[in-house]
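**Student:** sequence isn't available, so here's the structure alone:
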Ligand SMILES: Cc1cc2nc3c(=O)[nH]c(=O)nc-3n(C[C@H](O)[C@H](O)[C@H](O)COP(=O)(O)OP(=O)(O)OC[C@H]3O[C@@H](n4cnc5c(N)ncnc54)[C@H](O)[C@@H]3O)c2cc1C
């Protein structure tokens, strides 16, 4: 089974900084981590490979420093990794991001299974998985909470819905987006860390990918963020029992 897992670098939780001019997230940080949903998706991919054989490739579009995070995925069991990095990719919205990832998947000769996280903790749109499936003309199952049966030809899985949950049977190849608690990610092994340090990552720029320049980066993004602003401090929190609302409720209660 050939599995590609899409992993995104996100700022660590206390460290989101925005570019005031481009209205994009600044992604130069040494504190960056792999999107937690993607760590779970990568673990699911490794578990499937351990059962059925094949390969797991971690794929990311990001800054050159994302290489460190891709090596971490190799240390956790991925066989190899591909980094798409080029100034021309910067400022991409979900359409340009999913287009770029789809070109890389085509460049890799496609896959039997493509796993994404359900959402990224910074952009938060949950659009990449479904858009990727659309570019590749594949079926997509979102919000997958359990893999009940995985074979070379199909996957039976459980997914969350607005009304609760449902069981879906999907033929492969397909794209699945994975919730964070589907499984528990393993820690990097010593053998994995050694392998990750020696691994040759495939690094591609826009030209190497053969991407249409009109579809990538800020210029290829129909979504433009008009304004961003930091959350305003609202002052110290007041315990409910000491609030004005609580004394009003108490007064009304006593009047009853
Ligand atoms: C403040 C702000 C607002 C924004 N608003 C919008 C908006 O309204 N519309 C819009 O189109 N874009 C918007 N963006 C841009 C959006 O964050 C980027 O397009 C981002 O690259 C992908 O979207 P996401 O983070 O929401 O991914 P999601 O769709 O939430 O991510 C789902 C999964 O896709 C995969 N994935 C996502 N990005 C990558 C990557 N670079 N490499 C590998 N795998 C990846 C991962 O598996 C991830 O778990 C906004 C950005 C900012 C900073």
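**Tutor:** Done, it's in. Bear in mind that the values here come from a model prediction, so they are computed numbers and not experimental data.
**Student:** hmm, residue 199 is touching residue 74, no?
**Tutor:** Yes: assessed by CB atoms under 8 Å, residue 199 is found in contact with residue 74 at 5.1 Å. Quick note: C-beta positions are derived from backbone N, CA and C, even for glycine.
**Student:** spell out which parts of the stretch 51-200 of the chain neighbour the ligand.
**Tutor:** 60-62, 92-94, 97, 101, 116-117, 119-120, 122-129 (CB under 6 Å from any ligand atom).
**Student:** do that again at 8 Å, thanks
**Tutor:** 59-62, 84, 92-98, 100-101, 115-120, 122-129, 131-132, 177 (CB under 8 Å from any ligand atom).
**Student:** let me know the pLDDT of residue 228.
**Tutor:** For residue 228, the pLDDT comes out at 76.
**Student:** bridging across strands, which residues link to the closest residue to residue 149 other than its chain neighbours?
**Tutor:** Distance criterion CB to CB, 6 or more residues apart in numbering; nearest residue to residue 149, sequence neighbours excluded, is residue 156 at 4.2 Å. Beta bridges link residue 156 to residue 149, residue 169, judged by DSSP bridges.
**Student:** in the stretch 151-256 of the chain, what residue comes closest to the ligand?
**Tutor:** Relative to the ligand, the nearest point of the stretch 151-256 of the chain is residue 223 (3.9 Å; CB to the nearest ligand atom).
**Student:** now that residue: how far from residue 92?
**Tutor:** Residue 223 sits 9 Å away from residue 92, going by CB to CB, to the nearest Å.
**Student:** with neighbour numbers in mind, choose between those two.
**Tutor:** residue 92 (24 against 11; other CB atoms under 10 Å).
**Student:** got a list of what the more buried one touches?
**Tutor:** Each residue near residue 92 by CB atoms under 8 Å, 6 or more residues apart in numbering is listed here: 61, 100, 216-218, 220-221.
**Student:** now do 7 Å
**Tutor:** 100, 216-217, 220-221 (CB atoms under 7 Å, 6 or more residues apart in numbering).
**Student:** shaky segments in the chain?
**Tutor:** 13-17, 25-30 (pLDDT under 70).
**Student:** where along it do the helices fall?
**Tutor:** 36-52, 66-75, 94-107, 128-136, 190-198, 206-209, 244-255 (DSSP state H).
**Student:** could I get those helices as a markdown table with mean neighbour count?
**Tutor:** Below are the helices of the chain laid out as a markdown table (neighbours: other CB atoms under 10 Å):
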| stretch | mean neighbour count |
| --- | --- |
| helix 36-52 | 21 |
| helix 66-75 | 22 |
| helix 94-107 | 21 |
| helix 128-136 | 21 |
| helix 190-198 | 13 |
| helix 206-209 | 16 |
| helix 244-255 | 9 |
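**Student:** now these in TSV, with distance to residue 148?
**Tutor:** Formatted as TSV, the helices of the chain follow (distance: least, CB to CB, whole Å):
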stretch	distance to residue 148
helix 36-52	12
helix 66-75	25
helix 94-107	25
helix 128-136	19
helix 190-198	28
helix 206-209	36
helix 244-255	47
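**Student:** which among the ones you listed is found nearest to residue 147?
**Tutor:** helix 36-52 (6.5 Å; CB to CB).
**Student:** now find how far off-centre that closest one is within its chain.
**Tutor:** 13 Å (CA atoms, centre = their mean, to the nearest Å).
**Student:** give the residue farthest from the middle of the chain.
**Tutor:** Farthest-out residue of the chain from its mean C-alpha position, per CA atoms, centre = their mean: residue 255, at 54.2 Å.
**Student:** pairing partners for residue 140 in the sheet, please.
**Tutor:** residue 175.
**Student:** for it, which residues are in contact?
**Tutor:** Taking CB under 7 Å, 6+ apart, one finds 129-130, 133, 174-175 in contact with residue 140.
**Student:** before we move on, back to that, can I assume the residue of the stretch 151-256 of the chain closest to the ligand is in contact with residue 91?
**Tutor:** No: with contact defined as CB atoms under 7 Å, residue 223 does not reach residue 91; the gap is 10.1 Å.
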